[in-house]
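Engineer: Here's a sequence, model it:
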Amino acid sequence: MPGHRKSAADRKREIVDTTLHLLANLPVETLTTERIAKEVRVSQAAIFRHFPTKNALWLAVLETVEARAEKEWETALATGLKPLDRLQSVLEAQLGLIAVTPAVPKLIFGAGHLATESEIRQVPLRIMARLRAILLHEMEVALSRGDLRVSIPATDLADLLLGLVQGTVLRWQLSGREFDLSAEGRRLVACQIRLLATEEYEKT
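Structural biologist: Residues are numbered from 1 along each chain as shown. Modelled structure (predicted):
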């Protein structure tokens, strides 16, 4: 509709989404509010009307990533009855989120480039801690049920799977994202689960 202006909430979402889009191909430390404003087609001053400081924008972007990740994980946890199935679904959901939002690993592992404020640093720490806690819980349940053929501590198993995901994401980034991250991650996670699960579990 001619003359229609976006609400403040809609404009803020647009700015955040645009920032995530630009970060897919730009380093965190080189992305300026001027570049974001140009992409959104507003003035740089308009960016700062919605986000008083650049740190406020980074915080909003990271919290958006956190909310999306939590939603994906919760959906994944509701899809399986067995702990290893739920665990596999969560990891696949995380890889799928990164595949459609390549800025995610940059934001999680590059938070030091954003600001020194502890409030910003806490978001990627929360994201990783929450994901690890989910994996740890499902591994503990799997061990208690006798679903695993190994007696490795659940903490080590959770870290092993986290490392698998992070390594696959790193390889994807270094390759210029030339392979399907979701498909490759799904294949590798399934392989790892098969190596850990008992034959009885595999048959059920």
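
Engineer: ok, so what distance separates Val169 from Leu107?
Structural biologist: With distances defined as CB to CB, to the nearest Å, the gap from Val169 to Leu107 amounts to 13 Å. Quick note: C-beta positions are derived from backbone N, CA and C, even for glycine.

Engineer: neighbour count winner among those two?
Structural biologist: Counted by other CB atoms under 10 Å, Val169 and Leu107 do not tie: Leu107 has more neighbours, with 25 against 22.

Engineer: Hmm, that one is touching Ala60, no?
Structural biologist: No: using CB atoms under 8 Å as the test, Leu107 is too far from Ala60 to be in contact (11.5 Å).

Engineer: quick one: contacts for Arg145?
Structural biologist: Arg145 is in contact with Pro83, counting by CB atoms under 8 Å, 6 or more residues apart in numbering.

Engineer: And it, how far from Asp85?
Structural biologist: Remark: distance between Arg145 and Asp85 (CB to CB) = 12 Å.

Engineer: swap in Lys106?
Structural biologist: For Lys106, the distance to Asp85 under the criterion CB to CB works out to 30 Å.

Engineer: Who has more neighbours out of those two?
Structural biologist: Set side by side, Lys106 and Asp85 give different neighbour counts by other CB under 10 Å, the larger being at Lys106 (21 against 17).

Engineer: got a list of what that one touches?
Structural biologist: Contact partners of Lys106, counting by CB under 8 Å, 6+ apart, are Leu23, Pro27, Val28.

Engineer: next one: Glu140
Structural biologist: Shown in contact with Glu140 (CB under 8 Å, 6+ apart): Ala154.

Engineer: That one should be in a strand, yeah?
Structural biologist: No: the assignment for Glu140 (DSSP: H, G, I helix; E, B strand; the rest coil) gives helix, which keeps it out of a strand.

Engineer: Many thanks, we can stop here.
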